[in-house]
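> Sharing a sequence plus its predicted fold:
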Amino acid sequence: MQITTNFSMSEYVFTRRTEYIPANLKYAEANLPKVRELFRVPQILRNKYGRIRVGSGVRCPELNAVIPNASKKSQHVKLEAVDLEFLDANVWDAWEWLCWESGLQFGQAILEGDEHGKPTWLHYSLGTPYRAANRCNEKMDWRQDPDWESTRNGYTFHQTRPLWLDKMARRV
């Protein structure tokens with residue numbers, strides 16, 4: 001089953017814990033309108049930046065319960081978030097376009113992962129009505145170093161608490 005032109009239900013429900021794939025599928029299919037809404041922006045990103053792999057999609061409650069340190073309030077469980085790996089483009093470029101140029105609404109756009117000091121995927125989540133309006137359009141970057149600071153393409157990112165950067169990157 002296709003969710004959008006380029007995203008399939010099978011990639012959205014996939015997990016390395018394969019015994020949970022049927023439960024993920026049932027959970028996602030029962031909430032298909034929300035799943036289609038979730039993939040509206042990733043499809044726009046796909047059209048602009050080429051191939052995208054779903055790194056982490058839906059987590060049915062049963063799967064979430066067996067993942068160490070997984071939040072019971074995870075947006076993946078609520079079918080409100082998806083982690084996207086850009087195969088044909090730089091994740092930074094896609095993140096910057098989504099955050100500052102696209103005009104698209106979202107809940108969170110978080111650069112996550114770490115490969116040689118660079119983010120490896122984009123955590124994208126739905127905005128209103130699933131998230132309070134004052135908590136929407138959050139732009140974040142994740143780093144292990146609490147003193148980390150970086151400037152890229154005119155944006156300065158500052159870490160304000162362990163593991164998370166300033167909710168809103170400030171333009172320099």
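Here it is on my side, so go on.
> Next, the buried residues of whichever strand or helix holds K26.
Using DSSP states H and E, K26 sits in helix 21-29. Going by neighbour count (16 or more other Cβ atoms under 10 Å), the buried part of helix 21-29 is I21, A23, N24, L25, Y27, A28. All C-beta atoms are positioned from the backbone trio N, CA, C, and that covers glycine.
> following it, which helix or strand shows up next?
Counting by DSSP H and E, what follows helix 21-29 is helix 32-38.
> and the next element down the chain from that following helix?
Beyond helix 32-38 in the direction of the C-terminus, DSSP H and E gives the next helix or strand as helix 40-49.
> name the helices or strands packed onto the next helix-or-strand element following that following helix?
Counting by DSSP H and E, the element after helix 40-49 in chain order, helix or strand, is strand 52-56. On a contact count with 3 or more Cβ pairs under 8 Å, 6 or more residues apart in numbering; DSSP states H and E, strand 52-56 meets helix 9-13, helix 40-49, strand 81-86.
> same thing but 10 Å
Contact here means 3 or more Cβ pairs under 10 Å, 6 or more residues apart in numbering; DSSP states H and E; on that basis strand 52-56 packs against helix 9-13, helix 40-49, strand 81-86, strand 121-125.
> Pipe the ones you listed into JSON lines and attach mean neighbour count, mean pLDDT and distance to A65 per row.
Formatted as JSON lines, the helices and strands packed on strand 52-56 follow (neighbours: other Cβ atoms under 10 Å; pLDDT from 0 to 100; distance: least, Cβ to Cβ, whole Å):
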{"stretch": "helix 9-13", "mean neighbour count": "19", "mean pLDDT": "96", "distance to A65": "17"}
{"stretch": "helix 40-49", "mean neighbour count": "17", "mean pLDDT": "98", "distance to A65": "26"}
{"stretch": "strand 81-86", "mean neighbour count": "22", "mean pLDDT": "96", "distance to A65": "18"}
{"stretch": "strand 121-125", "mean neighbour count": "23", "mean pLDDT": "95", "distance to A65": "21"}
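> Columns distance to Q105 on top of these, output as JSON lines?
Listed next are the helices and strands packed on strand 52-56 as JSON lines, based on distance: least, Cβ to Cβ, whole Å:
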{"stretch": "helix 9-13", "distance to Q105": "21"}
{"stretch": "helix 40-49", "distance to Q105": "8"}
{"stretch": "strand 81-86", "distance to Q105": "15"}
{"stretch": "strand 121-125", "distance to Q105": "11"}
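> Looking at these, spot the one closest to A133.
Checking the helices and strands packed on strand 52-56 against A133 by Cβ to Cβ gives strand 121-125 as the closest, at 13.9 Å.
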